[in-house]
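Visitor: Just need the structure, nothing else, for what follows:
(one chain, ligands or ions: 1)
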Amino acid sequence: MVIKVVNTGEEIGEVAALLFAAQVLKKPDAVLGFATGSSPITTYQHMIKLYNQGVLDFSRVTSFNLDEYVGLPGTHEQSYRYFMTDNLFSHINIPAENIHLPNGIAADADAECKQYEAAVRAAGVDLQILGIGHNGHIGFNEPGDAFVDGTHKVTLTETTIQANTRFFASSADVPRYALTMGAGTIMRAKSVVLVANGEDKAQAIWAMAKGPISPSCQASILQLHPDVTVVVDKSAASKL
Ligand code: F6R
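Guide: Below you'll find the predicted structure:
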């Protein structure tokens, strides 16, 4: 695991976007794994800048997102599809048919998870970006007794519901379930970049990088991955 400590959230975005740029330059039909939340936003902004400068072309890229809320259609402002369209897809040239997110309104969630997992495996993610929850979650893999392998339906923890309430009118409006790639799905990505900033992520970053490998901190499984780059600011790195 390579840990790159920078000064600001802006710099996190610059560095992580360079990793995506290198990936797409060396493999124009790369399969990219995307995340939502506040952490990757500066990365997406720098990727858009590189696209606007003519450095990057996403016309042959395929993407798979980590997760989606159950019950929210892609037109809902808090759905992860909406977030991705707003923060990245509407600004670059990934063909719509190459964009994949779990379908949060699928009638049969289990069938949707199986189909999504099969599609991710068949494509093979080259580079996956991750944020990290305060409780060490990656995707929506919450602290628990096991690392789950494939894409699956999860019940969100109270911590996560509270953390995500800031995006909704009230905590009662936050969906209680989500579909997420499993820790195993994430581990099959060839390369991973994890981004985090702020003092409030310092404990999770410590547990991810230096704590025991345990499902009580789902991100700790990344210690077993051969190609992980962690890009953090000084505050998030303060406990390392
Ligand atoms: C979202 C996701 C989550 C977030 C995590 C951190 O797709 O995978 O694991 O990365 O909850 O969220 P932020 O970046 O908002 O602190």
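
Visitor: How far off centre is the helix or strand bottoming out on mean pLDDT in the chain?
Guide: Least confident helix or strand of the chain, by mean pLDDT, DSSP states H and E, is helix 158-164 with a mean of 89. When C-alpha coordinates are averaged (CA atoms, centre = their mean, to the nearest Å), helix 158-164 and its chain have centres 17 Å apart.

Visitor: near the ligand, anything from that helix?
Guide: No: judged by CB under 6 Å from any ligand atom, helix 158-164 stays clear of the ligand, getting no closer than 6.6 Å. Heads up, the C-betas are built off the backbone N, CA and C, glycines and all.

Visitor: For the residue nearest the centre of the chain, report the pLDDT, please.
Guide: Among the residues of the chain, the one closest to the centroid is Ala35, at 2.6 Å (CA atoms, centre = their mean). Confidence at Ala35, expressed as pLDDT, is 98.

Visitor: who's in contact with it?
Guide: Residues counted as contacts of Ala35 (CB atoms under 8 Å, 6 or more residues apart in numbering) are 65-67, 128-131, 139.

Visitor: which among the residues you listed are in contact with the ligand?
Guide: Contacts with the ligand within the contacts of Ala35, as defined by CB under 6 Å from any ligand atom: 66-67, 131, 139.

Visitor: give me every residue that touches the residue lying closest to Val70 once chain neighbours are set aside.
Guide: Nearest residue to Val70, sequence neighbours excluded (CB to CB, 6 or more residues apart in numbering): Tyr177, at 3.8 Å. Contact analysis of Tyr177 by CB under 8 Å, 6+ apart lists 69-71, 109, 153-156.

Visitor: what is Cys217 paired to in the beta sheet?
Guide: Ser214 (DSSP bridges).

Visitor: What separation is there between it and the ligand?
Guide: Using CB to the nearest ligand atom, to the nearest Å, Cys217 is found at 13 Å from the ligand.
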